[in-house]
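>>> Fold the following for me, if possible:
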Amino acid sequence: MPIWQPDKECMSRDQLHQVQLERLQSTLNRVYRNVSFYHRRFKDIGFSPEEDLTDVKDLERLPFTTSLEVSDSYPYEMFAVPLREVVRVHSSSGTMTNPRVVGYTRQDLKTWGNLVARILSAAGVTQDDVIQVTFSYGLLTGGLGIHYGAELVGASVLPTSVGRTERQIKIMQDFRTTVLVSTPSYALVMADHIEELGVDPKTFSLKYCICAGEPWSETMRREIEARLFVKVTDNYGISEVMGPGVAGECLEQTGMHLQEDHFYAEIIHPRTQEVLEPGAEGELVLTTLTKEAFPMIRYRTGDLCRLIAEPCTCGRTFWRMSRIKGRCDDVVVIKGINIIPERVGDVLQQVRGRRPVYQLVATRQGHKDQLEIRVEVSEELFFDKMREQRALVDVMRQKVANFIGITPRIKLVEAGSLERDDGKVKLFVDRRQNS
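Here you go, the predicted structure:
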């Protein structure tokens, strides 16, 4: 398959090192001048970007940036350009104290489009394809991020967004979709519906499926390929550093090519914060090299993976990321949404003024992830009348749904019945099958 930007994606490692150094120097100088958060950080440790950065390894002297710090900067504190230069704003789903807000200049959007075009081209997409994007369109980056990259490639884009599975399938049939973009679990949900409708998937025009948005396994990849008769590739994006386009798998399916000319990657030990060698599994840390509006320095993603330095037979010279193995923090991913169980407790506390004893339980029915929140009944949550109890459950469900973006099931349970570890209630229990 063609390489979108061969002069960049196939540059020598020596060339890449020089590009990274020059872009890192520019980025660090920009944030030192324009972002008070980073200016203070650099001053506190006596770091001068102009004098102290002579090699990309010097980056390791700088402290990490955390998701909580980005959240605390809400909405525009970490922007490195005036708001008049920001032409697009996206944000996370808001499952922390504040959503994590990111901005893009015109140049950022141009860069973003080309990075997504790279990963789509690596996954087999050309101007002859019809690509159906089932990611959400809105403040989250997934839908629009893929959309503009696909248009740049020249593919015909079907912006179907999320949900309404039968309609998705009809569009897939009638519009002769050749590329499906979805979470891996939703691809299997669509396969289930196609089977229920009695439609032969071989009659579809599908060739490729590009998956992202949640942890998944090689077993799931093989099931999607077998049931939809497609080639399935993985890709990785995170809103704080760009969105889709950070890394993507080529058709060799041996790991996701990290766009190293735009992102500098490190793997650290989650507890000791020691920088690990390529091949070791740890937490992915990313530094943006070309973002203008919202640069990120040593951002701790919380995602566990490893870097693969061995060359890929496709000809691209960038290192690859392994599939995300899980999280090293208290974030859980359900239906592609990052959820912090502790923050859900904050929402529940608003209902009656006191924090209840609760537990999030993730289950899977067929290929659909479900979230159940079990709340232990106490004097404050006890009602003689069933109607009042139902009203309480409805209020809890609506408040949580408004906060996390998905609607959970609320179940009131007997006091002391929730699963505990050393006497302490486990805030999250994963009952999904490891497939």
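
>>> Neighbours of residue 45, how many?
Other residues within reach of residue 45, judged by other C-beta atoms under 10 Å, total 10. To be clear about C-beta, it is placed using only N, CA and C from the backbone, and glycine gets the same treatment.

>>> can you tell me how far it sits from residue 311?
Distance of residue 45 to residue 311, given as C-beta to C-beta, to the nearest Å: 37 Å.

>>> start to end distance for stretch 290-302?
Start-to-end span of stretch 290-302 (C-alpha to C-alpha, to the nearest Å) is 22 Å.

>>> low-scoring pLDDT stretches of the chain, where are they?
Confidence mapping of the chain against pLDDT under 70 gives the ranges 93-97, 379-384, 433-435.

>>> Now residue 250: closest residue in space, sequence neighbours ignored.
Distances taken as C-beta to C-beta, 6 or more residues apart in numbering put residue 122 closest to residue 250, at 4.0 Å, once the chain neighbours are dropped.

>>> I'd guessed that neighbour sits against residue 257; true?
Yes - contact criterion C-beta atoms under 8 Å: residue 122 and residue 257 qualify, at 6.3 Å.

>>> Quickly list what's touching both of the two.
248, 249, 250, 316 (C-beta atoms under 8 Å, 6 or more residues apart in numbering).

>>> unless I'm mixing things up, residue 113 is touching residue 146, no?
No - using C-beta under 8 Å, residue 113 is not in contact with residue 146, being 10.3 Å away.

>>> Tell me which of those two has more neighbours.
Ranked by neighbour count (other C-beta under 10 Å), residue 113 and residue 146 place residue 146 first, with 29 against 19.

>>> Which strand or helix spans that one?
Assessed by DSSP states H and E, residue 146 sits inside helix 142-153.

>>> Pick out whichever of the shared contacts of residue 122 and residue 257 sits closest to residue 211.
Distance to residue 211, by C-beta to C-beta, is smallest for residue 249 among the shared contacts of residue 122 and residue 257, at 9.2 Å.

>>> Please name the residues that touch the closest one.
Contacts for residue 249 (C-beta under 8 Å, 6+ apart) come out as 119, 122, 123, 233, 234, 235, 255, 256, 257.

>>> do you know how far the first one is from residue 239?
So that's residue 119. According to C-beta to C-beta, residue 119 stands 16 Å off from residue 239.

>>> of the two, who's got more company?
Each of residue 119 and residue 239 has its neighbours counted (other C-beta under 10 Å); residue 119 has more, 29 against 23.

>>> The more buried one against residue 243, yeah?
No - using C-beta under 8 Å, residue 119 is not in contact with residue 243, being 11.4 Å away.

>>> picking up where we left off before, right, and the helix or strand after the helix holding residue 146?
Later in the chain than helix 142-153, the nearest helix or strand by DSSP H and E is strand 156-158.

>>> Report the buried residues of that next one.
Using 16 or more other C-beta atoms under 10 Å as the test for burial, strand 156-158 gives 156, 157, 158.

>>> Taking the centroid of the chain, which residue is nearest it?
Residue closest to the mean C-alpha point of the chain, counted by C-alpha atoms, centre = their mean, is residue 238 at 4.3 Å.
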